[in-house]
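K.L.:
how would this look folded up:
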Amino acid sequence: MSQINIVLDTSVLYAGLYSSKGASYRVLRAIDEGRIKIVISTALLFEYEEILRRNTKDLRLSAQQIESILDSLCAKGEHQAVYYLWRPFLPDPKDDHVLELAVAASTRYIVTHNIRDFKGVDVFGIRALTPREMLEEIK
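P.N.:
Numbers count the residues shown, from 1 in each chain. You can find the predicted model right below:
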């Protein structure tokens, strides 16, 4: 099967780094193995960094390990500039940049634990999936 491009919501990155037992961790492994390719914008990368650095104790990660994780995501991901904003569209304006990235990259999937925060994205041809649902897509 060919590689699937996704936008990875911060909730999935956090959950996958917090525990190696769930679907979020398996999605991160699929990214590492090249079965899934993430699309990243500057705004999303800054959000990843802010959340990981704020939660270093809970995640049991050092600043150097966080830097290494972010570097790996950048190396394995594809950077996408976002030129057109769809704001406001989603119930939580803090999520609009995730939708805008998916639209700009023509990505079909946003992988998130917060499905209800992405209601209505189907009008853009995008599906919001949980990590478990994403794993089913790549089987």
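
K.L.:
may I see the buried residues of stretch 72-89?
P.N.:
Buried positions in stretch 72-89, judged by neighbour count with 16 or more other C-beta atoms under 10 Å: 73, 77, 80, 82, 86, 89. The C-beta positions use only the backbone N, C-alpha and C, and glycine is treated the same way.

K.L.:
got it, and stretch 37-54?
P.N.:
Buried residues in stretch 37-54, counted by 16+ other C-beta under 10 Å: 37, 38, 39, 40, 41, 44, 47, 48, 51, 52.

K.L.:
now, which of the buried residues of stretch 72-89 lie within helices?
P.N.:
residue 73 (DSSP state H).

K.L.:
for residue 27, state which of the buried residues of stretch 72-89 is nearest.
P.N.:
Nearest to residue 27 among these, counting by C-beta to C-beta, is residue 73 at 12.3 Å.

K.L.:
once you drop chain neighbours, what's closest to residue 70?
P.N.:
Residue nearest to residue 70 in three dimensions, not counting chain neighbours: residue 49, with 5.9 Å by C-beta to C-beta, 6 or more residues apart in numbering.

K.L.:
next, the one you found: phi, psi?
P.N.:
Backbone torsions of residue 49, given as degrees, to the nearest 10, read phi -60, psi -50.

K.L.:
can you list the weak-confidence ranges in this structure?
P.N.:
The model of the chain has pLDDT under 70 over residues 1-2, 86-87.

K.L.:
kindly recompute the last result at 90.
P.N.:
Residues of the chain that meet the criterion pLDDT under 90 lie in 1-3, 82-95, 137-139.

K.L.:
can you show me the helices along it?
P.N.:
Here the chain has its helices, by DSSP H, at 10-18, 23-33, 42-54, 56-59, 63-76, 96-104, 131-137.

K.L.:
these: which one's closest to residue 110?
P.N.:
Among the helices of the chain, the nearest to residue 110 by C-beta to C-beta is helix 96-104 (5.4 Å).

K.L.:
could you give the angle of the closest one to helix 42-54?
P.N.:
Orientation of helix 96-104 against helix 42-54 (axes from the mean of the first three to the mean of the last three C-alpha atoms, to 10 degrees) gives an angle of 140 degrees.

K.L.:
any idea how far helix 96-104 is from the chain center?
P.N.:
Helix 96-104 has its C-alpha centroid displaced from the chain centroid by 11 Å (C-alpha atoms, centre = their mean, to the nearest Å).
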